[in-house]
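Engineer: Sequence first, predicted coordinates after that:
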Amino acid sequence: MRTETLSYVKEHANHLEINDPLLITQKGKARFVLQNVEDFEYQQESLALLKLLLISEKSAKFNTLTLDQAFAD
């Protein structure tokens, strides 16, 4: 993952290419991660599938599952 300062990103925003996530720092600390839309959507879909897998595992364990049980940590 490439790292750049917030100032750099502001100065070069018109021609930044985001092929891999970009870690943006501010005052020497990590503040933001910039990524392209396709990667973000893929990440969100992967998380949704993992949540569904967890719900199905809980369901198999308890035979039936209420909504509270399904979404409990």
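Structural biologist: Looks like it came in fine. Just so you know, these numbers come straight off a predicted model, no measurement behind them.
Engineer: Only C-alpha atoms from now on, for both contacts and neighbour counts.
Structural biologist: Noted.
Engineer: who does residue 25 bridge with?
Structural biologist: Residue 25 has the following beta-bridge partners by DSSP bridges: residue 5, residue 30.
Engineer: Give me the packing partners of the helix or strand hosting residue 39, helices and strands only.
Structural biologist: Assessed by DSSP states H and E, residue 39 sits inside helix 37-62. Judged by 3 or more Cα pairs under 8 Å, 6 or more residues apart in numbering; DSSP states H and E, helix 37-62 is in contact with helix 67-70.
Engineer: I believe residue 32 is in a strand; please confirm or correct that.
Structural biologist: Yes. With DSSP: H, G, I helix; E, B strand; the rest coil as the criterion, residue 32 is part of a strand.
Engineer: residues contacting it?
Structural biologist: If a contact means Cα atoms under 8 Å, 6 or more residues apart in numbering, then residue 32 has 23, 24, 25 as its contacts.
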